[in-house]
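Chemist: Any chance you can model this:
(chains A and B)
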Amino acid sequence: MINVPSTVKISLRALRVNKMRSALTMLGIIIGVAAVITMLAVGRGASNKISEQIATVGSNLIIVLPGSTTASGIRLGSGASQNLTRADAEAIKNECSAVLTTAPILNGSAQIVYGNQNWATSVFGTDEGMLEVRDWPLSSGRNFYEQEIRSGAKVCILGRTVVDNLFGNDDPLHKVIRIKKVPFVVIGVLESKGQSMMGQDQDDIIYVPVSTAQRNLFGRWFPGTVRSIMVKAGSTEELDRAETQIRELLRQRHRIGPGQEDDFTVRNLTQMLQMAEQASNVMALLLAAIASVSLLVGGIGIMNIMLVSVTERTREIGIRMAVGAKSWDIRLQFIIEAVILSLIGGLIGVLLGILAAEFLSFFAGWTILISTYSVVLSFGFSGLVGIFFGFYPAYKASLMNPIDALRHE
Amino acid sequence: MALIETDQLEKKYEVGDSIVHALDKVSLQISAGEFVAVMGPSGSGKSTFMNVIGCLDVPTAGRYLLDGIDVGRMGHDALAEIRNLKIGFVFQGFNLLSRTTALENVEVPLLYSASTPKDHKNKAREALKLLGLEERQHHHPNQLSGGQQQRVAIARALVNDAPLILADEPTGNLDTKTSIEIMDLFVRLNEEKKITIVLVTHEPDISTFSKRIIRFLDGKIVSDEENKR
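Modeler: Prediction:
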């Protein structure tokens, strides 16, 4: 019968006798576990930040841009031609099954005036679908009516930054502002989204009906054309299908024959961000993998010390065998010693890792995310390291011949 | 029935090219309750005999029955169990665990037995009490005199109620006065508790405490006679 509680007691006592050595042995595991936890916390924090970015841009987004155009043999870049129309946007919304909604975009920058304040900002001509496409709620007021889009009403929705700069603490609703000297009534205010991934202020924006933008603001464009179309797919899984459907539909609408190049570009915005997220996840795992190397080195340290310990205590092993310890009793004693070393080391490492991550977040301002999963993983792994690297020394101990062991000086 | 019964027991070692017969066809019987001294010069085979009798070593050939059990062909772990239940060892160098107290030293055989853990402390304390070491139970071996250490070792041999004690030069590291004390203790255990004692020694003075003296030479028994105290 193997008596586990008393074996644990024996092991603990042996470790307590050699305090300094036990502490040094644990150091490897402590550093390893702490490194894994800190690295995972930093990595997860980074990818979490990117996920938040995805959420502010809007999820499942596709952007359709005009293609290049060739004028007298000179090829202009992507987006140069003016062949996307509001009708295209409507058609995508109505005919592509994987598409939830769309919003045309016709934008430019403009000087705006309210009272004695003025401000330069980006003005986006769009339709009532925009707020849904970008998952952007209003903090006050209302969205455009469909009828306002059709009729080219002079109404606008303001971003937070614009409101702050023009109105200060006043309520902007129902006030009249001038965009390029054209008066617009403020019907809504957007909630703040903060900075985009590129550091742009997303709240420095004004939405107006696309028809109004075409007629009154950026009228140099061909009638009915827009700069781009934003599309929201039904779900992440449907993104690829939506992309294909859009491409097919636009080729048909633009009368592009087989073999001819598209005169438009379809870009999957969300996918790009998701790739960035994946990249940062891979980075986090890579960091953790590097950190776990030190866990491995710590394990080898444990094996080293356990081997020394077994040799040193040959006589003890002989005595125990003489009075009736079986192979497994001896093996278990040394494995438990190794596991106790690595688990205590693991525990200290977990605390130290959390502390280091909090330190980074507090003093360096890094976003960190300590997951239970990473704590359980690295703590569990340290236990496994103990078993794995404790096994060989323990096995060696159990193979000793009691007569030789008793004679050992 | 004999407690120890050997039949044509042989133990051979290969040393280089030659074969050494450490035990050469040894046949003997030791009954329960005997007090036997095994004597002989070094290299005579008495230590090998003790190792085989103590189930620390297995014979090359021959048969060995301990308490009616054929232990000659048993495996490593089975022998460990036999040692735990049937045999108490007392060594010349005491062989106590240096980092543990007297009480915990006595407890060690119980850790490897099937007994329930809560009785361990009491049984160990009783064994120490029998040897007059009650007050020293929390002392470490290096805080005890040689005689006291050997008494702790004897307590450890007794704690599992083994019927046989094997003592290998138990007085080799002790002065004469202490040696006599220890030997008196063995006599008492033999007479009062009917424990069979087999003692290896090369000192004639020590062997006189026994009831029977067996002499070894070159792996063979050369004499086996009763000893009148």
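
Chemist: C-alpha coordinates for the helix or strand where residue A:161 lies, CSV please?
Modeler: Using DSSP states H and E, residue A:161 sits in helix A:160-167. What follows is the C-alpha trace of helix A:160-167 in CSV, where atoms were taken according to Å, rounded to 0.1, in the frame of the first residue of the first chain:
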residue,chain,number,x,y,z
ARG,A,160,-19.2,64.0,-31.3
THR,A,161,-16.1,66.0,-32.2
VAL,A,162,-18.0,68.3,-34.5
VAL,A,163,-20.7,68.9,-31.8
ASP,A,164,-18.0,69.7,-29.2
ASN,A,165,-16.2,72.1,-31.5
LEU,A,166,-19.3,74.0,-32.8
PHE,A,167,-21.7,73.9,-30.0
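
Chemist: and that helix, average pLDDT?
Modeler: Averaging pLDDT along helix A:160-167 yields 90.

Chemist: cool, and stretch A:118-136?
Modeler: Throughout stretch A:118-136, pLDDT has a mean value of 90.

Chemist: Tell me where the model's unsure across the chain.
Modeler: You didn't pick a chain, so chain A it is. Within chain A, the ranges that satisfy pLDDT under 70 run A:1-3, A:55, A:68-81, A:197-198, A:220-222.

Chemist: my bad, chain B
Modeler: B:229.

Chemist: So which residues on the stretch 301-409 of chain A come close to chain B?
Modeler: Contact residues, the stretch 301-409 of chain A versus chain B (C-beta under 8 Å from any C-beta of the partner chain): A:315-316, A:318-329, A:402-403, A:406. Where you see a C-beta, it was placed from the backbone N, CA and C, and this is true even at glycine.

Chemist: so which residue of chain B comes closest to chain A?
Modeler: residue B:84 (2.5 Å; C-beta to the nearest C-beta).

Chemist: Please verify my assumption that that residue contacts residue B:111.
Modeler: No. Residue B:84 is not in contact with residue B:111 according to C-beta atoms under 8 Å; the separation is 9.7 Å.

Chemist: Write down the beta-bridge partners of the residue nearest to the spatial centre of chain B, one by one.
Modeler: Note on chain B: the residue nearest the mean C-alpha position is residue B:166, at 1.2 Å, using C-alpha atoms, centre = their mean. Residue B:166 has these beta-bridge partners by DSSP bridges: residue B:89, residue B:198.

Chemist: For residue 10, which non-adjacent residue is closest in space?
Modeler: You didn't pick a chain, so chain A it is. Nearest non-adjacent residue to residue A:10, counting by C-beta to C-beta, 6 or more residues apart in numbering or on different chains: residue A:333, 5.8 Å away.

Chemist: ah, no, chain B please
Modeler: Counting by C-beta to C-beta, 6+ apart, the nearest residue to residue B:10 once its immediate chain neighbours are dropped is residue B:61, at 4.1 Å.

Chemist: List the residues that contact that neighbour.
Modeler: Residue B:61 makes contact with B:8, B:9, B:10 under the criterion C-beta atoms under 8 Å, 6 or more residues apart in numbering or on different chains.

Chemist: So the last one lies in a strand, does it not?
Modeler: Yes. Secondary structure assignment places residue B:10 in a strand (DSSP: H, G, I helix; E, B strand; the rest coil).

Chemist: What residues sit buried inside the longest helix along chain B?
Modeler: As far as residue count goes, and with DSSP state H defining each element, the longest helix of chain B is helix B:176-192. With burial defined by 16 or more other C-beta atoms under 10 Å in any protein chain shown, the residues of helix B:176-192 counted as buried are B:178, B:179, B:182, B:183, B:185, B:186, B:187, B:189, B:190.

Chemist: Residue B:154: which of those is nearest?
Modeler: Of all the buried residues of helix B:176-192, residue B:185 has the smallest distance to residue B:154: 6.5 Å, by C-beta to C-beta.

Chemist: Tell me if I'm right that residue B:28 and residue B:214 touch.
Modeler: Yes. Assessed by C-beta under 8 Å, residue B:28 is found in contact with residue B:214 at 7.0 Å.

Chemist: what's the overlap in contacts for these two?
Modeler: Between them, residue B:28 and residue B:214 share the contacting residues B:221, B:224, judged by C-beta under 8 Å, 6+ apart.

Chemist: And the two? Which one has more around it.
Modeler: Here residue B:28 and residue B:214 are compared on neighbour count by other C-beta atoms under 10 Å in any protein chain shown; more neighbours surround residue B:214, at 23 against 16.

Chemist: Pull the contacting residues for the more buried one.
Modeler: Under the criterion of C-beta under 8 Å, 6+ apart, the contact list for residue B:214 reads B:28, B:36, B:37, B:38, B:39, B:221, B:223, B:224.

Chemist: Determine how far whatever helix or strand it lives in lies from the middle of the whole chain.
Modeler: With the criterion set as DSSP H and E, the secondary-structure element containing residue B:214 is strand B:212-217. Between the mean C-alpha point of strand B:212-217 and the mean C-alpha point of its chain there is a distance of 16 Å (C-alpha atoms, centre = their mean, to the nearest Å).
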